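Fold the following for me, if possible:
(one chain, ligands or ions: 1)
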Amino acid sequence: MVKNSPFYITTPIYYVNDAPHIGHAYTTLACDVLARFKRLDGFDVKFLTGTDEHGQKVEKSAQKARIDPQSFTDRVSKNFQDLTHKMNFTNNDFIRTTEERHKIACQDIWKRLISAGEIYLGSYAGWYSVRDEAFYGEAELITDKDGEKIAPTGAEVEWLEEPSYFFKLSAWQDRLLNFYKQNPEFILPLTRRNEVTSFVEGGLQDLSVSRTSFKWGVPVPGDSKHIMYVWLDALTNYITAIGYPDTVHEEYQKYWPADIHIVGKDILRFHAVYWPAFLLAAGLEPPKRIFAHGWWTNEGEKISKSLGNVIDPLELMETYGLDQIRYFLLREVPFGNDGDFSRSAVVSRINGELANDFGNLAQRVLSMINKNCNGRVPKKGDFTEEDKDFLARIDGLLSTVREALNVQAFHTALESIWTEIRNSNHYIDQQAPWTLKKENPDRMDTVLYTLAEAIRQLAMITQPFVPEAAGKMLDQVGVNETSRDFSLYGIKGRLKAGAKLPKPEGVFPRYADQLDS
Ligand code: MSP
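Predicted coordinates:
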């Protein structure tokens, strides 16, 4: 890897019809962890998130709240911006689709599509779901228990008849299939790739890309009776944020095509079918990867406002701690699969893996050093074969984690890290530095040095997942803030014997202890 290679990662932009919930926090968290990892690994990262503010759904929500859509979106977008700060997300831009820069970008891509002959005027007669902001063919609909037609997602649909511009999506079937074939990792996980491929193989209809029956959107250039379909508008945010339509803009040149758009499985089709087709038709490059993650249920139930079981990420943070929730969400469920949220599972991960496995390891080692080594990084004597093997395993961890994160396997990355944490606990028990204290203090120093070095690396590698706690651990092993990137992982950054260490403090409290205090 060349130092400072660009890496561009995006979240979906969130509809501002509602308060942020666990689904939003989950997608952005995954992106944040990857963005942090890549930065530590020497990449020049652009991490984008934002809000999707146009369309009928948002317009209706504003009407319901009895305020004009702009004031409404200003208010709700602010909640999403606050969430990014409260959850310690490291996005370097926050885009709102009501910004002028975005209107310019949308109108420009439209003009490109028109001049390429990819858009024509017609009229739409068919089904539309406001909740999904999606058009559905008759054959896609299902019936609910009252015999009403509904979308396959369970959303209400309405019959629409209005003049509309169409994008010639039907002509893109073969080119898309060919694109998927040539880019086998464009859609991950692979099961999702197969779903998309079969959908496209089934034939594509031309796509309605403008609406005339309401006003809240970007006007179609040259025909202001129409506004652009909210998904064409929304998807374009990914290039607006890097300077498009200025394609020689420094950021556009550096960051496009995006390395990855992480999205939920429900919006895969828009990203993996429509988006590359729009871009290719406009003469622009498609992104390199779309990763679709699964959905959370809450204690076995589908999450929905009507069931009243929506999970508020801020409440979770307050109850369990931010790093604890960040860890849980990425550890509990293989990224890509659906998963169930349960409070008992959160507590069990906090107490078992964070407090017992990792927290105790650090606490045991650092308090022994504090008491027996004058509060300084101990001297190391000669390493035994066991010490060398032990450190070699830890030194090798970065490449294992890097490989896992290259395919967005956050859970595998965490599992490999915890395997080394458990192995470190095994090493400390086997070496029993507390008995060496009297018998062989030099050997005790070497064992504690080895363990402190292991803690340094484990803390470094867990930074993207649990940034605050890992940062505190690094403070406690005396690693200053400028020495925490991965160029100093492994042998290069080994702790210096004799360095003064601060007094150790626990970084991962047990959940019950928090309740008691
Ligand atoms: N505005 C569109 C995206 C446009 S991107 C160009 C949109 N917005 S959304 O607010 O509805 O999307 C939210 C994100 O949250 C999606 O990635 C969706 O998958 C995710 N989730 C919503 N509920 C979820 C769960 N219960 N579990 C996990 N993620 C879920 O779609």
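
end to end, how far does stretch 379-393 reach?
End-to-end distance for stretch 379-393: 21 Å, by Cα to Cα, to the nearest Å.

Identify all contacting residues around that stretch.
Stretch 379-393 has contacts (Cβ atoms under 8 Å, 6 or more residues apart in numbering) with 420, 423-424, 427, 430-431, 442-443, 445-447, 449-450, 453-454, 497-498. Every C-beta, even on glycine, is put in place using the N, C-alpha and C of the backbone.

Report the buried members of those.
Burial by neighbour count, 16 or more other Cβ atoms under 10 Å: within these this picks out Glu420, Ser424, Tyr427, Gln431, Arg443, Asp445, Thr446, Val447, Tyr449, Thr450, Glu453, Ala454.

What about those residues, which are in helices?
Secondary structure from DSSP state H places Glu420, Ser424, Tyr427, Gln431, Arg443, Asp445, Thr446, Val447, Tyr449, Thr450, Glu453, Ala454 of the buried ones among the contacts of stretch 379-393 in helices.

check which helix or strand covers Arg112.
Assigned by DSSP states H and E, Arg112 falls within helix 100-115.

give me the subset of the contacts of stretch 379-393 touching the ligand.
When Cβ under 6 Å from any ligand atom is applied, no member of the contacts of stretch 379-393 is adjacent to the ligand.

about what we covered before: by contact count, what packs against the helix or strand following the helix holding Arg112?
Heading C-terminal from helix 100-115, the first helix or strand you meet, by DSSP H and E, is strand 119-129. Judged by 3 or more Cβ pairs under 8 Å, 6 or more residues apart in numbering; DSSP states H and E, the packing partners of strand 119-129 are strand 134-136, strand 158-167.

from the ones you listed, which stretch is densest packed?
Using mean count of other Cβ atoms under 10 Å, the stretch among the helices and strands packed on strand 119-129 with the largest mean neighbour count is strand 134-136, at a mean of 21.

so how far is it off the chain centroid?
Relative to the centre of its chain, strand 134-136 is centred 27 Å away, using Cα atoms, centre = their mean, to the nearest Å.

export stretch 250-258 as CSV, just CAs?
C-alpha atoms of stretch 250-258 as CSV (Å, rounded to 0.1, in the frame of the first residue of the first chain):
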residue,chain,number,x,y,z
GLU,A,250,-9.1,17.7,-6.3
GLU,A,251,-11.4,15.6,-4.1
TYR,A,252,-13.3,14.1,-7.0
GLN,A,253,-10.1,13.1,-8.7
LYS,A,254,-8.8,11.6,-5.4
TYR,A,255,-11.8,9.9,-4.0
TRP,A,256,-14.0,8.8,-6.9
PRO,A,257,-14.9,6.0,-7.5
ALA,A,258,-15.8,5.5,-3.8
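
Return the distance of that stretch from the chain's centre.
20 Å.

Repeat that for stretch 335-346.
Computed by Cα atoms, centre = their mean, the chain-centroid distance of stretch 335-346 equals 16 Å.

For stretch 95-106, which residues meet the burial criterion?
So, applying 16+ other Cβ under 10 Å, buried residues of stretch 95-106: Ile95, Arg96, Thr97, Thr98, His102, Lys103, Ala105, Cys106.

Run through the residues that contact Arg422.
Counted by Cβ under 8 Å, 6+ apart, Arg422 has contacts Asp357.

what about the host helix or strand of it, distance to the chain center?
In this structure, Arg422 is located in helix 410-431 according to DSSP H and E. Chain-centre distance of helix 410-431: 25 Å, with Cα atoms, centre = their mean.

could you give the mean pLDDT of that helix?
Averaged across helix 410-431, the pLDDT comes to 98.

And stretch 129-141, by the same measure?
Taken as a whole, stretch 129-141 carries a mean pLDDT of 93.

and it, does that touch the ligand?
No. Between stretch 129-141 and the ligand, judged by Cβ under 6 Å from any ligand atom, nothing touches; the nearest distance is 7.4 Å.

buried stuff in that stretch?
Per 16+ other Cβ under 10 Å, stretch 129-141 contains these buried residues: Ser129, Val130, Arg131, Asp132, Glu133, Ala134, Phe135, Tyr136.

Wait, the last one touches Trp127, no?
Think Tyr136. Yes. Here Tyr136 reaches Trp127: they are 4.5 Å apart, a contact under Cβ atoms under 8 Å.

List the neighbours of the one helix or strand Leu330 maps to that are in contact with it.
Using DSSP H and E, the element containing Leu330 is helix 322-332. The contact list for helix 322-332, computed with Cβ under 8 Å, 6+ apart, reads 22, 25-26, 29-30, 33, 86-88, 313, 316-317, 320, 339, 341, 345-346, 349-350, 353-354, 410-411, 414, 465-469, 508.
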